[in-house]
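Novice: build me a model:
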Amino acid sequence: MKKFINDPNLVVDEMVEGYVDAHKDKVRALSEARVVVRKDAPVNGKVGIVTGGGSGHKPAFIGYVGKGMVDAVAAGEIFTSPPAIAFYHSFKAADGGKGVACLYGNYAGDVMNVDMAVEMAEDDGITVKQVIANDDVPSAPKGDEDKRRGVAGEILMWKIGSAMAEKGGSLDEVIGAAQRAIDNTRSMGVGLSPCIIPAVGKPNFTLGENEMEVGIGHHGEPGIKKMEIKTADEVAGMMLDIILPDLPFEKGNDVCLLMSGLGSTPLLELYIVYRKVSMLLAEKGINVYRAYVDNYFTSLEMAGVTLTLMRLDEQLKQLLDVPADAVHFKQF
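Specialist: Residues are numbered from 1 along each chain as shown. Coordinates of the predicted model:
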């Protein structure tokens, strides 16, 4: 294992400390729990936006704290849910008097700890409502969408919900917009190599030299199947063949396209895959209204790519275009 770390058991705390120090013009840390907060939070009269999850996905989750995006993030250990107390302090830090929207991924530990934190917040008179992302198509069959994982589509859910909050929407309006976003979002990932959790010191799964995992999860969860590595164009077509019929996406649709590397995939390769995805969508009469290509939701040093599509209506377009100024998500 070759990593720039000190104590493997302190990587998250030291990462948060360095991150907050580097970006202290935008964020601050709470002393009560491992929580990163927008510097001016709580913003009076605005619905608070909270998320959280295990670390190891940088820039998710703390990279999306900022104006027009998330107000507070509870940070867990590597690939581990934050404790309920961290979500609770996130709710308190984000509450500006109009309630809090907790927008997060569909993982059992997160769901359990958020539910407990909501009860704690309610005892303090803070209203918290939830939207749970389930955009990962390969993780459960159609008809069992409630069992699907949340992956990179969470970013678009945060963007839309946060934009509604920034525009002065009520808690119900924010929840409605975030739910509309994730209901219209589908994702899938393809992995080329595993990652190494620092405290474990060895790969968390195995792939052969010429193998790739189709439908892989952000923690190395298995996907649909292992198969021989395909070309970038073949991977683009395969991902669209799985994603498009699931909603379905159809001719005449406008979409937001988000393509994220998983940690070790160069931008050069991401743009090669994006090129073919864009061409195939155009051939099907689907218009890319806005595209994001970068490392948005990673898995330590895993090699691979996640493709996310969100079908847009006029309200989602307007909210997508609202400015945002988080450290790792800037839109003006």
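
Novice: give me the neighbour count for L268.
Specialist: 7 (other Cβ atoms under 10 Å). In this view, the C-beta of every residue, glycine as well, is placed from N, C-alpha and C.

Novice: so it is in which element?
Specialist: L268 is part of helix 267-283, with elements assigned from DSSP states H and E.

Novice: flag every buried residue along stretch 97-113.
Specialist: Neighbour-count burial for stretch 97-113 flags K98, G99, V100, A101, C102, L103, Y104, G105, N106, Y107, D110, N113 (criterion: 16 or more other Cβ atoms under 10 Å).

Novice: hang on, isn't the second one packed against E122?
Specialist: Same thing as G99. No - at 10.7 Å, G99 does not count as touching E122 under the criterion of Cβ atoms under 8 Å.

Novice: any common contacting residues for those two?
Specialist: Between them, G99 and E122 share these contacting residues under Cβ atoms under 8 Å, 6 or more residues apart in numbering: V128.

Novice: just the CA atoms of the helix holding L268, as PDB, please.
Specialist: Presented in PDB, the C-alpha positions along helix 267-283 are these (Å, rounded to 0.1, in the frame of the first residue of the first chain):
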ATOM      1  CA  LEU A 267      -9.900  13.300 -17.500                       C
ATOM      2  CA  LEU A 268      -8.500  12.400 -20.900                       C
ATOM      3  CA  GLU A 269     -10.400   9.100 -20.700                       C
ATOM      4  CA  LEU A 270     -13.500  10.600 -19.300                       C
ATOM      5  CA  TYR A 271     -13.800  12.900 -22.200                       C
ATOM      6  CA  ILE A 272     -13.300  10.100 -24.700                       C
ATOM      7  CA  VAL A 273     -16.200   8.200 -23.100                       C
ATOM      8  CA  TYR A 274     -18.300  11.400 -22.900                       C
ATOM      9  CA  ARG A 275     -17.700  12.000 -26.600                       C
ATOM     10  CA  LYS A 276     -19.400   8.800 -27.600                       C
ATOM     11  CA  VAL A 277     -22.200   9.200 -25.000                       C
ATOM     12  CA  SER A 278     -23.000  12.600 -26.500                       C
ATOM     13  CA  MET A 279     -22.900  11.300 -30.000                       C
ATOM     14  CA  LEU A 280     -25.200   8.400 -29.200                       C
ATOM     15  CA  LEU A 281     -27.700  10.600 -27.400                       C
ATOM     16  CA  ALA A 282     -27.800  13.000 -30.400                       C
ATOM     17  CA  GLU A 283     -28.500  10.100 -32.700                       C
END
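
Novice: what pairs with the helix or strand just after it, and is each one parallel or antiparallel?
Specialist: Of the helices and strands lying after helix 267-283 in sequence (DSSP H and E), the nearest is strand 287-294. In the sheet containing strand 287-294, its partner strands are strand 254-261 (parallel), by DSSP bridges.

Novice: those helices in the stretch 151-300 of the chain, which residues are they?
Specialist: Under the criterion DSSP state H, counting those that start in this stretch, the stretch 151-300 of the chain contains helices at 153-166, 171-183, 232-243, 267-283.

Novice: for the shortest one, which outside residues touch it?
Specialist: Just to be clear, that refers to helix 232-243. Contacts of helix 232-243 (Cβ under 8 Å, 6+ apart): 137-138, 186-188, 190, 212, 214-215, 224, 230, 249, 269, 272-274, 276-277, 280-281, 305, 307, 309.

Novice: which among the residues you listed count as buried?
Specialist: Buried residues within the contacts of helix 232-243, counting neighbours by 16+ other Cβ under 10 Å: 137-138, 186-188, 190, 212, 214-215, 224, 249, 269, 273-274, 276-277, 280-281, 305, 307, 309.

Novice: count the neighbours of F4 for me.
Specialist: Count around F4 with other Cβ under 10 Å applied: 5.

Novice: same question for K3.
Specialist: 12.

Novice: which of the three states applies to it?
Specialist: Following DSSP: H, G, I helix; E, B strand; the rest coil, K3 is assigned to coil.

Novice: also A101?
Specialist: Here A101 is recorded as strand under three-state DSSP.

Novice: the residue lying closest to it once chain neighbours are set aside: what's it in contact with?
Specialist: With sequence-adjacent residues excluded and distances taken as Cβ to Cβ, 6 or more residues apart in numbering, A101 is closest to V174, at 4.7 Å. Contacts for V174 (Cβ under 8 Å, 6+ apart) come out as V47, I49, A101, G161, M164, A165.

Novice: let's have those in a markdown table, adding pLDDT and distance to V118.
Specialist: Output for the contacts of V174, formatted as a markdown table (pLDDT from 0 to 100; distance: Cβ to Cβ, whole Å):
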| residue | pLDDT | distance to V118 |
| --- | --- | --- |
| V47 | 98 | 15 |
| I49 | 98 | 15 |
| A101 | 99 | 11 |
| G161 | 98 | 16 |
| M164 | 98 | 20 |
| A165 | 98 | 18 |
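
Novice: no further questions, thank you.
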